[in-house]
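Participant: with the sequence up front, the predicted model follows.
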Amino acid sequence: MISRRKLLASAAATAVLSRLNITKSFAAQPKPQVPLIISTWNNRGANEAGWAILNKKGRALDAVEAAARVPEADPKDTSVGYGGLPDRDGHVTLDACIMDEKGRAGSVTFMENIMHAISVARAVMEKTPHVMLAGEGAYQFALANGFKKENLLTENAKKAWEDWKKESKYKPVINIERHDTIGVLAIDAKNDLSGACTTSGLAFKMRGRVGDSPILGAGLYIDNEIGGACATGLGETVMRAVSSFLVVELMRQGKTPQQACEEAIRRLVKKTPEYKDLQVGILAVNRAGEHGAYSIHKGFNYTLSLGNETKVHEADHFIK
Ligand code: GLY
């Protein structure tokens, strides 16, 4: 049985934590496990590129950018960068954002003909007084900063678009080829966090459509005092629920990353009557190096690199 002395000590500790606005569960977490990099979907190549930087005591910001550039350059990845499926008019348009440990952020949206949207987003953060550049403005900014014009529409993506045009059905595909938007979160050896998010968006979308990925708080959010979160799946739903910001705020209130991801998906489901027809997956980490992942449907997975080991894990899900 717990002694009176222990009980009083525990009550006193709880009172101190409460005055400091720290919940007991958060304060009790284990020693930080860093560095760490985690990304949405099966993304070993991306994680390995980021891990190579973290392992040499590099900065989390450099790691998440390096990781995001891998799927951006992969013609086989049909939902990110080069090889991404186009909009209904046949144009590949990219959305991306990046956020660092100081809370600085950069974003590009509806940008065409530049492969590495994540690096343009970083340049917006570092070289302009703005957070987001869109369309032609983002493209011109990229050219002025040394990025080269490239055709991002591969033969395969063009063929898929031509096939799609025969019926022109407009319905989101759940777990498209088991990957979608790439969100990456990293904690470096200094215990600083950064995140990146990059996508070509919903396949065959309306021209001008922008998803959650370049929107801070929706597709990605980082708060170095608390943790970070990113989302993948149907952006319209994620934007309405501001899911990444919500997850970070739930962690601030004392939830673990897993509890925060589950609560954010439950709230999103509540606001989305058609939730059974779409997929959203959320990933989160806190400063203690704990992570969480949750989705609406089965099939969302994520890649975690920790202590020189990279593994793909299946996320738990709302619809059982
Ligand atoms: N999550 C990517 C998009 O909806 O565009």
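Facilitator: Noted; the coordinates are in hand.
Participant: separation between F300 and H317?
Facilitator: Distance of F300 to H317, given as CB to CB, to the nearest Å: 7 Å. No exception for glycine: its C-beta is placed from N, CA and C like everyone else's.
Participant: those two: which is more packed in?
Facilitator: F300 (27 against 18; other CB atoms under 10 Å).
Participant: identify the residue spatially nearest to that one, adjacent ones excluded.
Facilitator: If the residues on either side of it in the chain are set aside, F300 comes closest to G281, at 3.5 Å by CB to CB, 6 or more residues apart in numbering.
Participant: just for the stretch 151-300 of the chain, where's the confidence low?
Facilitator: 172, 174-179 (pLDDT under 70).
Participant: show me which residues of it are close to the ligand?
Facilitator: With the criterion set to CB under 6 Å from any ligand atom, the stretch 151-300 of the chain comes near the ligand through T181, T199, G201, L202, G211, D212, S213, T232, G233, L234, G235.
Participant: now the second one, nearest residue through space, not along the chain?
Facilitator: The shortest distance from T199 to any residue that is not its chain neighbour, by CB to CB, 6+ apart, is 3.9 Å, and that residue is T181.
Participant: the third one too?
Facilitator: Computed as CB to CB, 6+ apart, the closest residue to G201 that is not its neighbour in sequence is G211, at 4.7 Å.
Participant: what helix or strand is the one you found on?
Facilitator: Taking DSSP states H and E as the definition, G211 sits outside all helices and strands.
Participant: which neighbours do F300 and H317 share?
Facilitator: Common neighbours of F300 and H317, counting by CB atoms under 8 Å, 6 or more residues apart in numbering, are Y294.
Participant: got the contact list for the residue lying closest to G233 once chain neighbours are set aside?
Facilitator: Nearest residue to G233, sequence neighbours excluded (CB to CB, 6+ apart): V280, at 3.6 Å. The contact partners of V280, taken as CB under 8 Å, 6+ apart, are A231, T232, G233, L234, T237, V238, S243, I265, L268, S295, I296.
Participant: which of those tops the neighbour count?
Facilitator: Ranked by neighbour count (other CB under 10 Å), the contacts of V280 have A231 at the top, with 38 neighbours.
Participant: so that one bridges to which residues?
Facilitator: I282 (DSSP bridges).
Participant: wait, isn't it in contact with L216?
Facilitator: No. If you go by CB atoms under 8 Å, A231 and L216 don't touch, sitting 11.8 Å apart.
Participant: report pLDDT for A144.
Facilitator: If you check A144, the pLDDT there is 98.
Participant: let me redo that: T14
Facilitator: Model confidence at T14 (pLDDT) stands at 41.
Participant: check the stretch 51-200 of the chain for the residue nearest the ligand and tell me.
Facilitator: Using CB to the nearest ligand atom, the single residue of the stretch 51-200 of the chain nearest to the ligand is T181, 4.0 Å away.
Participant: residue contacts, that residue?
Facilitator: Counting by CB under 8 Å, 6+ apart, T181 has contacts 40, 79-80, 197-199, 211-213, 219, 231-233, 235.
Participant: again, but for Y221
Facilitator: M99, G195, G228, A229, C230, S244, F245, V247, V248.
Participant: any chance of the contacts of T181 in CSV with secondary structure as columns?
Facilitator: Shown next, in CSV, are the contacts of T181 (DSSP: H, G, I helix; E, B strand; the rest coil):
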residue, secondary structure
T40, strand
S79, coil
V80, coil
C197, strand
T198, strand
T199, strand
G211, coil
D212, coil
S213, coil
G219, coil
A231, strand
T232, strand
G233, strand
G235, helix
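Participant: if you rank those residues by neighbours, which is first?
Facilitator: With neighbours taken as other CB under 10 Å, the top of these is A231, carrying 38 neighbours.
Participant: gap between that residue and E126?
Facilitator: Remark: distance between A231 and E126 (CB to CB) = 24 Å.
Participant: next one: E101
Facilitator: Distance check for E101 against E126: by CB to CB, it reads 14 Å.
Participant: helix or strand for the closest residue to N145 other than its chain neighbours, which one?
Facilitator: Spatial nearest neighbour of N145, excluding adjacent residues (CB to CB, 6+ apart): A123 at 5.1 Å. Per DSSP H and E, A123 falls inside helix 117-127.
Participant: now name the helix or strand holding the closest residue to P257 other than its chain neighbours.
Facilitator: Among residues not flanking P257 along the chain, G292 sits closest, at 3.1 Å (CB to CB, 6+ apart). Using DSSP H and E, G292 falls within strand 291-295.
Participant: partners of that strand, with directions?
Facilitator: Note on strand 291-295: by DSSP bridges, its sheet partners are strand 280-286 (antiparallel), strand 316-317 (parallel).
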